[in-house]
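J.: Below is the structure, and that's it, no one-letter string:
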């Protein structure tokens, strides 16, 4: 059983953070687990807005056939907008690879790597609005703010590289809950996610990681002087673990600002890697940079890296906008997975792709689809999941998840399992009871484990 | 849904000879129920009966479970069982793991349509386990549910140390452990400590005359600080942590709570005016129901409004009950240290709080209007308390606005309307809008089984939880929500918790750790009091002093305990860290707000004007931009910086600001690398250091070094420190050595901590 460290970091020796020792009192120290871990790290490619399963992965010939006809069964009791009749996908599908997975023409690059993917077509959530669904996906609850999954994972596993934050989120959504999606909430602050946003020069940077104007030599002198002041103070007041920890925290910060900029700097990547992600091409360059950064941080030992692509919310103009968004996302995502595989990192890195919900097979207006949390597709790759499978099914039109259903809670339980954590055991005492990422739910989806 | 005609065909397909219902049940229905339903819906050994529903005998489905009868013989379409197996309703999908095959569903439909013949009369039924009678007397024996008595003040053996009764309580405990108190700290560090405790500012920012030679210097300084408006800003902030105050709803659409600041200002002025806490509690929970309810009373109920909430939820009933839940939970934790929220889905697992108790409280808040509608996006309730002339001017403005856009009018008329509109807008004051609650339709609420409004149980009267009814408690009536009765009970001296929870928080906010370390949980999973008599004495002091916070505050800071050094005393062992009180001061780091205000104050930039709204957004506007961090550049005190729940200040988060989504009376005190990075690289620290360096006197290096030590650390530099500083200044690689010197002092432990 993992022990909580609610006593406050101030009360703990900072050495925990610096040493590789195992122990429950050292919040960021790597921890051993009871289940043999398959994955060490997670990269979550979040498709904010809700990509349409029936236009990307969930091929529904019946939907095409009955285009314009009424849905022959009831719509959900609670919907976010009024919708009309069935709307066939404007895109064609083809089977790919050994696995024969259907993938839409919008995703030619992902189509080529389907044999590495575990496509879960039976996802479902409980909330039909972006804010609620986004929080449910990121924190396991749409009821009140709770720790993000990246925070839980750090809490469960500790850090692999003490010179970098353990949970990074690149260019996340500021709306729809914003910081709640990377907040440690009631978990201690060292499990907080760090937001990487574009700075004034449009570079993606960890906040306060460096100051352009600062001369390194001068800063070293400042830190040496600071240390002598702090040592003298410590000698005066007597031993104090908190004060000692703060001394160490400056050393750590200095090492972070040496290491992080190197990791952040993508200029050392080869031309072929740049091409693989589409870094220098117009539609793909922005998300390619995020995916490449995600790989670099992950490779350097960051437990949970999230890269967000937006905004897949096509209540109208489904055809044009899904086409544009897919073109921005397809190559970088396929590039990332291919790159991880080539480097031998895919086995230990769980890649997760998906949005906060999918979209309805019925039309909203003339050419749009409404939010649909009742059945949609996410995919995983690497990290111990079965490659080359399609798991679960929606009904014949792609509205409801009906076979081998996977709720967000089950996804969380499975992710934790792959990382070597029993989701029932990963608890933290707060406000009178034990909390889990999976609340009181969640089943590990054993069928998709490799 | 399948029509009757198709059903008949399916029945034929499955080979049923109508009339042979017994055989049909045995060959088709029973195996299905056994295979797919019995695991959770039968009394078989080892299985749990989920949702109270049994499908292992006829009466089981006739009586049904929490949601009522499971099926209606002859009416398959309206039968719950059939709805569930069709998976059309996301809240009701059975079996949960996998939808039944179409043929299986058809069998069930056929069976029910034909009358649901079921031969299973008894199917080894076992009676449900009797609900255990609640033993209220045993439950009430728990320490925090007992009314605090007035413990006798002990007489410790050491005579000269204790200055106040609370010192006597502490010394008594230490003497029993063979421990003695730490020596007194230096005058300089005491002054720093005191000004931060009471105002959140460094001594240099207040510029009071030094009176260290006077014997009553500490009392005089205490009185000055308590009388300073800076006191309310510091102590109001503590309460705002408990009230989970913020300026946006933060959970989804993140709209600006443009008028929440009035509640924040109300809290600050309540602390400055030393409003008795019982009054403070009543106003926040039911100010709008007071006999002569004025503007500030209504503003006070912003406490119930400013919480985090979803405003875009397609399920209005869920939205509503989530808001009610947030209010029940916050009220419980803020005033009583009770985690009522745990009883939303089932009886509290640890504390004597049943699900009926929970919905008794939920009824009070459901009878209270927080939102005016439950649309997407919902709108919260506001009072318009503008003077009549302002109201009518705004009505006129609206009229002119419509005219200026009215296509039916000619150009001239539109132009005239537009001109009049602009003139009137320019001279009309903004509306006085108040974000606060009011009454709604009054009704009791049924128990929501498993927390869901779709599975309702018995109605529960609105009332104070039963465990607290050992003394007479006010009872809600049918005319009002019951908030007033709840508030009166919370503020009453009969209540065992309110005074204790407050006394404990006052201790925490002075000394860094509560007597009960779990400040917001006085239940069974909370920590035991480290010194119960001390806590009860303080709680009684609060009540005797008519709930004056400043009076108890003065007792705390003029105690011998307050002036102890942070070393040289007894520290409880690691194994049993909370059993007793330490006999030395617990060193505290500057809070996020104190640090930022100190930087600005030392740089002579801090603007001490009070109150008002900095958030520029229109009421209800979306506040999702990432430039919100720019507010930190505003020179006002940190307590006035808008708190946007979805975009908290990176620097404040790093320095442990309270998460504004939940009540928090016990901020963490963490040491994390981002704090160091902030001190090394942030623009705010660099700018402040440059400015502070720029204010140095025109004197020798030694004089300047001394000046900065006095200004920033409240003491003289030692000869050794002079030597070190001189070495640093001479060898520094860049030009601005004084800025660097100041930066190092600002980053030092001595500056960041109060010894």
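T.: Cool, the structure landed. The shown structure was predicted, so the numbers you read here are calculated from the model rather than taken from an experiment.

J.: Could you list the residues in contact with stretch B:341-350?
T.: A:431-433, B:325, B:328-329, B:332-333, B:339-340, B:351, B:353-355, B:357-358, B:362, B:448, B:450-451, B:523-525 (Cβ atoms under 8 Å, 6 or more residues apart in numbering or on different chains). For every residue, glycine as well, the C-beta is placed using N, CA and C.

J.: Not counting sequence-adjacent ones, nearest residue to the residue of the stretch 551-700 of chain B found nearest chain A?
T.: Distances between the stretch 551-700 of chain B and chain A by Cβ to the nearest Cβ are smallest at residue B:646, namely 2.6 Å. Distances taken as Cβ to Cβ, 6 or more residues apart in numbering or on different chains put residue A:178 closest to residue B:646, at 2.6 Å, once the chain neighbours are dropped.

J.: Give me the pLDDT value at that neighbour.
T.: According to the prediction, residue A:178 has pLDDT 88.

J.: Could you tell me which ranges of the chain sit under the pLDDT cut-off?
T.: I went with chain A, as the question did not name one. By pLDDT under 70, the weakly predicted segments of chain A are A:1-27, A:32-34.

J.: please go with chain B instead
T.: For chain B (pLDDT under 70), the answer is B:1-19, B:44-48, B:123-134, B:573-579, B:626.

J.: got the contact list for the residue of it found nearest chain A?
T.: Going by Cβ to the nearest Cβ, chain A is nearest to residue B:252 of chain B, at 2.0 Å. Applying Cβ under 8 Å, 6+ apart, we find residue B:252 in contact with A:129, A:130, A:131, A:132, A:134, A:135, A:176, A:177, B:310, B:311, B:312, B:313.

J.: where along the stretch 251-400 of chain B do the strands fall?
T.: B:368-369, B:382-384 (DSSP state E, counting those that start in this stretch).

J.: what does the stretch 101-250 of chain B have sitting close to chain A?
T.: Proximity of the stretch 101-250 of chain B to chain A (Cβ under 8 Å from any Cβ of the partner chain) is limited to residues residue B:250.

J.: Which parts of the stretch 101-250 of chain B are strands?
T.: Going by DSSP E, counting those that start in this stretch, the stretch 101-250 of chain B shows no strands.

J.: where exactly do the helices run in it?
T.: In the stretch 101-250 of chain B, the segments counted as helices under DSSP state H, counting those that start in this stretch are B:102-113, B:136-140, B:165-177, B:187-199, B:203-206, B:217-227, B:229-242.

J.: Touching, residue A:39 and residue A:418? I think so.
T.: Yes. Here residue A:39 reaches residue A:418: they are 4.5 Å apart, a contact under Cβ atoms under 8 Å.

J.: Are there residues contacting both of those two? Which ones?
T.: A:350, A:383, A:384.

J.: Verify the contact between the residue nearest to residue B:646 and residue B:624 for me.
T.: Yes. Here residue A:178 reaches residue B:624: they are 6.6 Å apart, a contact under Cβ under 8 Å.

J.: neighbour count winner among the two?
T.: Shown here are residue A:178 and residue B:624; by other Cβ atoms under 10 Å in any protein chain shown, residue A:178 has more neighbours (28 against 19).

J.: which ones are touching that one?
T.: Residue A:178 neighbours (Cβ under 8 Å, 6+ apart): A:172, B:250, B:254, B:624, B:645, B:646, B:647.

J.: go with 7 Å
T.: B:254, B:624, B:646, B:647 (Cβ atoms under 7 Å, 6 or more residues apart in numbering or on different chains).

J.: And residue A:145, by the same measure?
T.: Residue A:145 neighbours (Cβ under 7 Å, 6+ apart): A:180, A:183, A:185, B:251, B:308, B:661.

J.: what residues does the stretch 201-350 of chain A put near chain B?
T.: A:207-211, A:214-215, A:217-219, A:221-222, A:225-226, A:228-230, A:233, A:237-238, A:240, A:242-243, A:245-246, A:249-250, A:252-253, A:256-257 (Cβ under 7 Å from any Cβ of the partner chain).

J.: Could you identify the buried members of those residues?
T.: A:207-211, A:218-219, A:221-222, A:225-226, A:228-230, A:233, A:237, A:240, A:242-243, A:245-246, A:249-250, A:252-253, A:256-257 (16 or more other Cβ atoms under 10 Å in any protein chain shown).

J.: all helices of chain A, in order?
T.: A:15-18, A:53-56, A:61-65, A:108-112, A:130-139, A:149-157, A:216-237, A:241-264, A:271-277, A:285-299, A:318-342, A:408-418 (DSSP state H).

J.: Can you tell me which of the ones you listed is most buried?
T.: Each of the helices of chain A was scored by mean neighbour count; the highest is helix A:53-56, a mean of 30, by mean count of other Cβ atoms under 10 Å in any protein chain shown.

J.: got the contact list for it?
T.: Contacts of helix A:53-56 (Cβ under 7 Å, 6+ apart): A:60, A:63, A:89, A:91, A:104, A:106-107, A:121, A:322, A:358, A:361, A:376-377, A:398.

J.: and these, which of them are in strands?
T.: If you go by DSSP state E, the contacts of helix A:53-56 have A:104, A:121, A:358, A:361, A:376, A:377 in strands.

J.: So which of those is surrounded by the most neighbours?
T.: Neighbour max across the ones in strands among the contacts of helix A:53-56 (other Cβ under 10 Å) = residue A:358, 34 neighbours.

J.: Looks like it contacts residue A:370 (just checking).
T.: No. Contact criterion Cβ atoms under 7 Å: residue A:358 and residue A:370 do not qualify, at 10.2 Å.

J.: what's the domain layout of chain B?
T.: Chain B is divided into the following domains under automatic domain parsing: B:4-113, B:276-377+B:438-496, B:387-429, B:600-754.

J.: if I pick the closest residue to chain B within the stretch 251-400 of chain A, what's in contact with it?
T.: Going by Cβ to the nearest Cβ, chain B is nearest to residue A:253 of the stretch 251-400 of chain A, at 3.5 Å. Residues in contact with residue A:253 (Cβ under 7 Å, 6+ apart) are B:673, B:676, B:677, B:680.

J.: residues near the closest residue to it other than its chain neighbours, how many?
T.: Distance criterion Cβ to Cβ, 6+ apart; nearest residue to residue A:253, sequence neighbours excluded, is residue B:676 at 3.5 Å. The local packing of residue B:676 (other Cβ under 10 Å) involves 26 other residues.

J.: by how many degrees do the helix or strand encompassing residue B:676 and helix A:241-264 diverge?
T.: Using DSSP states H and E, residue B:676 sits within helix B:673-681. Per axes from the mean of the first three to the mean of the last three Cα atoms, to 10 degrees, the angle that helix B:673-681 makes with helix A:241-264 is 80 degrees.

J.: about what we covered before: what do residue A:178 and residue B:624 both touch?
T.: Both residue A:178 and residue B:624 are in contact with B:254, B:646, where contact means Cβ under 7 Å, 6+ apart.

J.: Can you get me a residue count around residue A:45?
T.: Neighbour tally, residue A:45, other Cβ under 10 Å: 26.

J.: swap in the one 5 residues further on?
T.: Residue A:50 is surrounded by 28 other residues when neighbours are defined as other Cβ under 10 Å.

J.: OK, contacts around it?
T.: Taking Cβ under 7 Å, 6+ apart, we find residue A:50 in contact with A:312, A:313, A:355, A:356, A:357, A:358, A:359, A:371.

J.: just residue A:101 next, same as before
T.: When contacts are taken as Cβ under 7 Å, 6+ apart, residue A:101 is in contact with A:95, A:114, A:119, A:390.

J.: again, only this time at 8 Å
T.: A:57, A:95, A:114, A:117, A:119, A:388, A:390.

J.: dump the residue contacts of residue 282.
T.: This is for chain A. Residue A:282 neighbours (Cβ under 8 Å, 6+ apart): none.

J.: Chain B is the one I meant
T.: Counted by Cβ under 8 Å, 6+ apart, residue B:282 has contacts B:290, B:484, B:487, B:488, B:490, B:491.

J.: circling back: quick one, which of the helices of chain A is nearest to residue B:502?
T.: Minimum separation from residue B:502 across the helices of chain A (Cβ to Cβ) falls at helix A:241-264, 27.6 Å.
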